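A.B. asks: need coordinates for the following:
(one chain, ligands or ions: 3)
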Amino acid sequence: MSRVTVSTLQKMKDAGEKISTITAYDASFAHQFDVAGIHAMLIGDSLGMVLQGQSDTLPVSVEDICYHTRCVRNGVNNALVIADLPFMSYATPEQTYANSAKLMQAGANMVKLEGGEWLYETVRGLVDRSVPVCGHLGLTPQSVNVFGGFKVQGRDNEKALQMIEHAKGLEQAGIQLLVLECIPTELAKAITEAVSIPTIGIGAGNVTDGQILVMHDALGISFGKIPKFSRNFLAETGNIEKAVALYINDVNTGAFPGPEHSFN
Ligand SMILES: Nc1nc(=O)c2c([nH]1)NC[C@@H]1CN(c3ccc(C(=O)N[C@@H](CCC(=O)O)C(=O)O)cc3)CN21
Ligand SMILES: CC(C)C(=O)C(=O)O
Ligand SMILES: [Mg+2]
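C.D. replies: Numbers count the residues shown, from 1 in each chain. Ligands and ions are numbered 1, 2, ... in the order given. This next block holds a predicted model:
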């Protein structure tokens, strides 16, 4: 595979090809995923939970994400590298610019932030300053204290319509990729059809343009509990290389996720 850019992902959506992505936090796994042909890797603030053992993502710092972004960058040749802006690191446009600079200088190709309408100005400002941006709607884990837990979002009609509007607004503001987390498959389909940019789902059914999983979930090493939307590819294959190859294959063919990994 050759180097993946944002425009590669756009061309894949336009051609109806699935995009396979996964989280990564270190050079060794990043290299393994890269060689296997993963299209993009995310240094997720999920690292607060799977690496640090905390109960949510709120304690993660910009420095934490920078450290792991540098690690991942050293293992990647081809995949697009996306870094999460952690909780409260993008509360104002000025803060967002300073913190995005740190992530990009650590080796990210794109930054990701969680939320809808309140971020339009921030997204426009980043794009104007040459920072590619990924959006994130649905179960946005940094809002866990508002949601009252990690719960499926967008189940009522009003919230669903609002999410479609936010997706379109973020696209207009300049995002070039959109993560949809833990929403009904029907809503993920409506959003994917309402925007021109690629959507990447996790717990959003097989109707999005691509998929993402937390690598620890895909390998079945997340504290003994695996979310409904994930699958233990290591248990099915017996080694990491084959597990990663199976994940990529099943995303690319549309075999993963099945209805048993999706919400309605
Ligand atoms: N290991 C891991 N995997 C993830 O996908 C993940 C993290 N950590 N940390 C950051 C966020 C938190 N996420 C989560 C965590 C738990 C559920 C969960 O327990 N979901 C329930 C569904 C609840 C409902 O039906 O409303 C499930 O059964 O999967 C979902 C997303 C997603 N992200
Ligand atoms: C689950 C993905 C989308 C994420 O934001 C993370 O790993 O932090
Ligand atoms: Mg995240």
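
A.B. asks: identify each buried residue in the one helix or strand Glu171 maps to, please.
C.D. replies: Here Glu171 sits within helix 157-173, counting by DSSP states H and E. Going by neighbour count (16 or more other Cβ atoms under 10 Å), the buried part of helix 157-173 is 160, 163-164, 166-167, 169-171, 173. C-beta coordinates here come from the backbone N, C-alpha and C atoms, glycine included.

A.B. asks: one more: stretch 184-192?
C.D. replies: 184-185, 187-192.

A.B. asks: and for stretch 4-23?
C.D. replies: Buried residues in stretch 4-23 (16+ other Cβ under 10 Å): 4, 6, 8-10, 12-13, 18-23.

A.B. asks: looking at those, which is nearest ligand 2?
C.D. replies: Thr23 (4.5 Å; Cβ to the nearest ligand atom).

A.B. asks: contact partners for the nearest residue to the closest one once chain neighbours are set aside?
C.D. replies: Spatial nearest neighbour of Thr23, chain neighbours left out: Gly44 (4.4 Å); criterion: Cβ to Cβ, 6 or more residues apart in numbering. Residues near Gly44 by Cβ atoms under 8 Å, 6 or more residues apart in numbering: 23, 84, 214.

A.B. asks: thinking again about what came up before, now tabulate the buried residues of helix 157-173 in CSV and tack on distance to Pro259 and pLDDT.
C.D. replies: As requested, the buried residues of helix 157-173 are exported to CSV (distance: Cβ to Cβ, whole Å; pLDDT from 0 to 100):
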residue, distance to Pro259, pLDDT
Ala160, 19, 98
Met163, 21, 98
Ile164, 22, 98
His166, 26, 98
Ala167, 23, 99
Gly169, 30, 99
Leu170, 28, 99
Glu171, 28, 99
Ala173, 33, 98
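
A.B. asks: ok, and of those residues, which contact ligand 2?
C.D. replies: Subset of these in contact with ligand 2: empty, counting by Cβ under 6 Å from any ligand atom.
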